[in-house]
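Enquirer: sharing a model that was predicted from the sequence below.
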Amino acid sequence: MSTFGAAAANHNPNKSFEVAQPPSDSISSLSFSPKANFLIATSWDNQVRCWEISRNGTAVASTPKASITHDQPVLCSTWKDDGMTVFSGGCDKQVKMWPLLSGGQPMTVAMHDAPIKEVAWIPEMNLLATGSWDKTLKYWDTRQSNPVHTQQLPDRCYALTVKYPLMVVGTADRNLIVFNLQNPQNEYKRVTSPLKYQTRCVAAFPDQQGFLVGSIEGRVGVHHLDDGQQGKNFTFKCHRDGSEIYSVNSLNFHPIHHTFATAGSDGAFNFWDKDSKQRLKAMSRCSQPIPCSTFNNDGSIFAYSVCYDWSKGAENHNPSTAKSYIFLHLPQESEVKGKPRVGTSGRK
Amino acid sequence: MHNKKEACRNFQRGSCQYGERCKFLHVIQQQPKSNAFGFGTQAISHQQQKPNPFGFGVQNNAQSKGVNDFGNKQSQFKNTWTRSSASSGAPSLRQPDNQPQATNHRCNDPESCKRIIAEDFEHERPLWKLTCYSHWKNSPCDIVGDVSYEELRAAAYDDAKRGLSLQSIIERERNLLNSKLVEFENFLRNPYRGPAGSAAAQQIPFPGATTTVLSPTTQNTVAPQSNVPPSVSSFSQLGASLNTGFSPGPSVQSNNASGQPTSFSNSAQSSNVFSANNVPSANASISTQNFSSSSIQSPAFLNVSLSNSEVVGREATNVQLGNNLPTTVASGDSNIWLKEKWTPGEIPEEAPPDAYV
């Protein structure tokens, strides 16, 4: 039982750095530039904001840089591989391409029939992939107004992860579709989730051997693609407090160490090592859920948002008092570096 | 004597060459490790049934040697994929899509499955209730009708924009929640009123059966129109409107599956007929179009609970829903909109007429 007591530091129990001028409503996605420490946050207040994050030793500073507006809440974002352009999409059923580093204006490059939940830039194909609640996945050449290809999904897209040539799409009703982007028109494999409840997030292994899937039942599944590696599949429980079972909202692999972080509706984030099957570090619970998180390009900064994720419906939403935060955590090596399993005998 | 603390991995995978001499525990079920997270191989009992096709005890390069094996794994990955994609059109047809660990669960022992369900509902109920459910990993859902946080929130924001009070939004959400809870209750009591069957009947491409059929869906649609379809006007429509973009979903898919070998790079071709029908119909008056879509893909949980409620004997609700389904709200009882609380089954499929908004 965590007692929050009267501590004023409730909203930041991990003493992370707080990003200046956070959005006025919940944050739906966070994205770091692949080239530099620019952070993008999309929000339910219809805005896409950019900060420049600078580090001076152990001190971290955030400088608001620019923002654009959509007509409706923005749900997803990603950077182009050149670190110059940002894509953002959401309830307005469009994706805007924003060449922010060159000072350009945003333009619409993708459209769907229903809100766009996920967006991913695939540099090897020079295409943008968008997943929507209209049960399709579309590929876009940003110079054309028609999608290059439309892929039917069995249900609404809930989660997307790309690690070329592996792409995994998580949909409603526990479908997980695996694609080989070298042959994107065909589903490589369709897996029904190893978890029993709604899929919340997916993350592809950096070595493309499989993927992680997180659900609303405080569980993460580790799934390998190759038939011969099915024996290595397992699931583990996390983000639970007594009998309360929270959802896992975000899965992020560390770009260097290939360990991963989970963030949940319980307001906690943890670091894990799937190869040695252990938790490396449990961080303190914040007073609100963490809907999204991300590592920067070299894993030296872990950004996470603390704000209401609707996990308890509209009744827990109080727009006048709700506060949204974005925090930056500097992971220590012990938190994110893989460890050999303690106590394993040398058996093979 | 060895202290047999740890479970034998080979045994759990199918067989261990050491047999009785083995210094690890030959146990079928998963050892609850002191690790609170329940780490351990998932599909233990599955693997008991399915012999490892690669031979027992063979280390399929699978033992993780830590994170240093990327080079090996990389090429392993590439080889597999090139092999299967090189052999023409539809790899998912050739490939055993249903993995050894997957979907062949047939509820051979309904009693133990019932126990699993009861256990799950007792101890593993997540805080978020608007979810699908399956009592067996990798198996199709027993209860369908996922609603995600973002979908619920988007609907609430749309409602708020249209002027609905927070209170009525909360009411609507609660009704949604209650119908879902009823559905779970009914499933718990009667899991074998065809859970997969009735769920499958509601869904169109349900995962289990169509995996082998649905491979090339090469459909090049015209870019969606920019006219914005009206937003969700009530939670009862949540399921229907979420499917708005794809109302003629099922027929489309069967069309595509019947072989349209358009190449990936060919973007000029488009199945205009499909998109022309689809998009405007999505935009057109919600009352008729969504209605037809809802008869196909209405919030699945409503229909399922209907069949279950028949069992439980809620005739009145049954009849009412039966009446509402084929008729428009305008001719039905419009008092429904004045009600404070809706019982499951009463929830109208369509938007309230403007008078009641």
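Expert: Ah, there it is. Residues are numbered from 1 along each chain as shown, chains lettered A, B, ... in the order given.
Enquirer: C-alpha from now on. contacts and neighbour counts both.
Expert: Will do.
Enquirer: residues from the stretch 201-348 of chain A in reach of chain B?
Expert: Contacts of the stretch 201-348 of chain A with chain B, taken as CA under 8 Å from any CA of the partner chain, map to A:207-209, A:216-218, A:226-238, A:243-247, A:258, A:275-277, A:309-315, A:338, A:340, A:348.
Enquirer: mind doing that once more with 6 Å?
Expert: A:217, A:229, A:234, A:236-237, A:245, A:310, A:314-315 (CA under 6 Å from any CA of the partner chain).
Enquirer: what bits of chain A have low per-residue confidence?
Expert: Residue ranges of chain A with pLDDT under 70: A:1-9, A:343-348.
Enquirer: quick one, helices of it?
Expert: Per DSSP state H, chain A carries helices over the ranges A:333-336.
Enquirer: could you do the stretch 51-200 of chain B as well?
Expert: B:70-86, B:91-94, B:110-123, B:149-161, B:166-189, B:195-202 (DSSP state H, counting those that start in this stretch).
Enquirer: and those, which one is worst for confidence?
Expert: Lowest mean pLDDT of the helices of the stretch 51-200 of chain B: helix B:91-94, a mean of 35.
Enquirer: apart from its chain neighbours, what residue comes closest to A:I301?
Expert: In space, and not counting its chain neighbours, A:I301 is closest to A:L330: 4.8 Å by CA to CA, 6 or more residues apart in numbering or on different chains.
Enquirer: of the residues of the stretch 201-348 of chain A next to chain B, which is the most crowded?
Expert: A:E217 (27 neighbours; other CA atoms under 10 Å in any protein chain shown).
Enquirer: need the contact list for that residue.
Expert: By CA atoms under 6 Å, 6 or more residues apart in numbering or on different chains, A:E217 lies in contact with A:245, A:247, B:126.
Enquirer: so the last one touches A:S247, yeah?
Expert: No - taking CA atoms under 6 Å as the definition, B:P126 is not a contact partner of A:S247, at 7.5 Å.
Enquirer: give me the more crowded residue out of these two.
Expert: Between B:P126 and A:S247, A:S247 has the larger neighbour count (other CA under 10 Å), namely 32 against 22.
Enquirer: what residue, apart from its backbone neighbours, is nearest that one spatially?
Expert: A:I216 (3.7 Å).
Enquirer: look up phi and psi at the one you found.
Expert: Main-chain torsions, A:I216, degrees, to the nearest 10: phi -80, psi -10.
Enquirer: pretty sure it contacts A:I245?
Expert: No - judged on CA under 6 Å, A:I216 makes no contact with A:I245 at a distance of 7.9 Å.
Enquirer: quickly note the distance from A:D155 to chain B.
Expert: Separation of A:D155 from chain B (CA to the nearest CA, to the nearest Å): 8 Å.
Enquirer: now A:P22
Expert: 20 Å.
Enquirer: which one is that residue nearest to, not counting chain neighbours?
Expert: A:P22 sits nearest to A:Y325 (CA to CA, 6+ apart), 5.9 Å away.
Enquirer: number of residues surrounding the one you found?
Expert: Residues near A:Y325, counting by other CA under 10 Å: 23.
Enquirer: same question, B:E111
Expert: Going by other CA under 10 Å, the residues that sit close to B:E111 add up to 10.
Enquirer: repeat that for A:Q332.
Expert: As a measure of burial, A:Q332 has 11 neighbours, counting by other CA under 10 Å.
Enquirer: residues touching the residue nearest to A:F17 when sequence neighbours are not counted, list them.
Expert: Take A:F17 and drop its neighbours on the chain: the residue closest to it by CA to CA, 6+ apart is A:L328, 5.0 Å away. A:L328 makes contacts with A:16-17, A:302-303, as judged by CA under 6 Å, 6+ apart.
Enquirer: hey, what's A:L328 bridged with?
Expert: A:F17, A:A303 (DSSP bridges).
Enquirer: nearest to A:A129, out of the contacts of A:L328: which one, please.
Expert: A:A129 lies nearest to A:A303 out of the contacts of A:L328, by CA to CA, at 23.7 Å.
Enquirer: was I right to think that closest one contacts A:N296?
Expert: No - A:A303 is beyond contact range of A:N296, at 7.7 Å (criterion: CA under 6 Å).
Enquirer: host element of B:V27?
Expert: Using DSSP states H and E, B:V27 sits within no helix or strand.
Enquirer: how near is it to B:G14?
Expert: Counting by CA to CA, to the nearest Å, the gap from B:V27 to B:G14 is 11 Å.
Enquirer: those two: who's more crowded?
Expert: B:G14 (20 against 13).
Enquirer: picking that back up, tabulate the contacts of A:E217 in CSV, adding columns for distance to B:R9.
Expert: Listed next are the contacts of A:E217 as CSV, based on distance: CA to CA, whole Å:
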residue, distance to B:R9
A:I245, 29
A:S247, 30
B:P126, 30
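Enquirer: so which of those sit within strands?
Expert: A:I245 (DSSP state E).
Enquirer: got the contact list for the most centrally placed residue in chain A?
Expert: Using CA atoms, centre = their mean, the residue of chain A that lies closest to the mean C-alpha position is A:S250, 4.9 Å off. With contacts taken as CA under 6 Å, 6+ apart, A:S250 has the following neighbours: A:201, A:262-263, A:292.
Enquirer: and which of those residues is nearest B:N104?
Expert: For the contacts of A:S250, the nearest to B:N104 is A:C201 (25.1 Å; CA to CA).
Enquirer: residues touching that closest one, list them.
Expert: Per CA under 6 Å, 6+ apart, neighbours of A:C201: A:159, A:213-214, A:250.
Enquirer: A:D113 and chain B: what is the separation?
Expert: 5 Å.
Enquirer: what about B:R174, how many neighbours?
Expert: For B:R174, using other CA under 10 Å, the count is 18.
Enquirer: then A:M125?
Expert: 13.
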